[in-house]
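Participant: how would this look folded up:
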Amino acid sequence: MKISILTPDLSHNCLGRAHLLAKILQRQYEVEIVGPMFSNKIWEPLADMDNISYSTVRISDSAIKNYYRSISLVEKISGDVVYASKPLFTSYGLGILAKLTKNKSLVLDIDDWQFGLAKEAHKNSPSLKYRLKNLVTSAVELYSIYSYWNHAIGEQLTWLAQDITVSNNFLQEKFGGTIIWHARDANAFKPDAFDKVALKEKFGLKETQKVVMFLGTPRPHKGLDDLVEAIAGVDNPNALLVIVGLDKDTYSQKLVKLAESKLVGKFRAFGMQSFDKIPEFLAIADVVVIPQRYNSATVGQVPAKVFDAMAMAKPTISTTVSDLPYILEGCGWLVEPEQPHQLATSIQFVLDNPDEAQQIGEKAREKFITSYSWSAMEKNLTKIFKQYE
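Facilitator: So this is what the prediction gives:
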């Protein structure tokens, strides 16, 4: 049996979830990933990886042409079953068309509360005039992953899927379905396979520096401003904030300026990295911090980086948002969101107590293996797709 996984944009970080599902399913099935590209290349962290088959069209011209090009992707869907990542027009919408016109079985994966993300972006728009203009544009450009109406309509059509998978408990309560966590490959994330001292030298860091790491795509709702303030309050001359995943967007540039001004000599920035480089960067971390803020963008989201950190047996500090307290129960530290002082206190404790931190990190690795690895998720996905063989 062949499975066609649809992603709304091959050039955006939403490809990460589709790629994850493809890698797990590829263990037992033939898999392809189908979706449009809204820029001229595949999303950078996955651009040069593995042997997954991609089918795509370029989206860049007028709205009429973009609708035509998007819909033309239906003809590229060759799988027996369609697995749409996110309830958006260029993934789930095309999946619905394939179901109706090609008699394909349709499964939907929901890994974020897309409407919540859209609401937060809409709320943060600079003016009423801009918001109204954005709503009109959203209606015209329904194919865009940033379209407000794309998100709103997609969530109303979830009943058309024969099965649903989700990435956390909030989404399961809202849409039903089976939870498929943002799993990681235990064979790729092996703590003992990396030389921390050598990698610090490779990345231009001193052996004595204590690395406090954030790894992921920086966004305002992820609380990085709070993390910068927290590091400023840590009483350790060797503490170094390392942010991995910075891009050229406005927020990333603003964040770098903030960190450089408040953390003179205690901040290093690294750009977006290939997925296969993530374990190397995590290997140099003394503690990983996930400072999510609480809002409509985060209540339905579980950052994949928590599983990266657990897989590498890293001491992890997180805010009490979404399922993070459940995931890190017994194997991490929790603080309230938007409380830099609490973050600073926890970071200070971890850096001051390396033996205890290591033990907690090892417990996190054990929990990852049993609950959040590819092997653990493969069992759940197989139960779903066996019925379509």
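
Participant: how about Cys331, phi and psi?
Facilitator: Note on Cys331: backbone dihedrals following degrees, to the nearest 10 are phi -150, psi 30.

Participant: what's the mean pLDDT across stretch 349-360?
Facilitator: For stretch 349-360, mean pLDDT is 97.

Participant: contacts for it?
Facilitator: Taking Cβ atoms under 8 Å, 6 or more residues apart in numbering as the criterion, the residues outside stretch 349-360 that touch it are 210, 212, 234, 236, 239, 286-287, 313, 315, 317, 331-333. Bear in mind the C-beta positions are built from the backbone N, C-alpha and C, glycine included.

Participant: show the buried residues in those residues.
Facilitator: 210, 212, 234, 239, 286-287, 313, 315, 317, 331-333 (16 or more other Cβ atoms under 10 Å).

Participant: Lys262: neighbour count?
Facilitator: 15 (other Cβ atoms under 10 Å).

Participant: for it, give me its contacts.
Facilitator: Lys262 neighbours (Cβ under 8 Å, 6+ apart): 228-229, 231-232.

Participant: and of the buried ones among the contacts of stretch 349-360, the nearest to Ile278?
Facilitator: Ala313 (14.1 Å; Cβ to Cβ).

Participant: any weak-confidence spans in the stretch 101-250 of the chain?
Facilitator: Scanning the stretch 101-250 of the chain for pLDDT under 70 picks out the ranges 119-136.

Participant: is it true that Ala259 touches Phe267?
Facilitator: Yes. Between Ala259 and Phe267 there is a contact under Cβ atoms under 8 Å: 4.4 Å.

Participant: need the contacts of stretch 349-360 in CSV with distance to Ser147 and secondary structure, can you?
Facilitator: Listed next are those as CSV, based on distance: Cβ to Cβ, whole Å; DSSP: H, G, I helix; E, B strand; the rest coil:
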residue, distance to Ser147, secondary structure
Lys210, 43, strand
Val212, 37, strand
Val234, 41, coil
Asn236, 46, coil
Ala239, 42, strand
Asp286, 41, coil
Val287, 38, strand
Ala313, 41, coil
Pro315, 40, coil
Ile317, 35, strand
Cys331, 39, coil
Gly332, 36, coil
Trp333, 38, strand
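
Participant: with distance to Ile110 added, can I get those in JSON lines?
Facilitator: Formatted as JSON lines, these follow (distance: Cβ to Cβ, whole Å):
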{"residue": "Lys210", "distance to Ile110": "38"}
{"residue": "Val212", "distance to Ile110": "32"}
{"residue": "Val234", "distance to Ile110": "37"}
{"residue": "Asn236", "distance to Ile110": "41"}
{"residue": "Ala239", "distance to Ile110": "38"}
{"residue": "Asp286", "distance to Ile110": "35"}
{"residue": "Val287", "distance to Ile110": "31"}
{"residue": "Ala313", "distance to Ile110": "30"}
{"residue": "Pro315", "distance to Ile110": "31"}
{"residue": "Ile317", "distance to Ile110": "28"}
{"residue": "Cys331", "distance to Ile110": "26"}
{"residue": "Gly332", "distance to Ile110": "25"}
{"residue": "Trp333", "distance to Ile110": "29"}
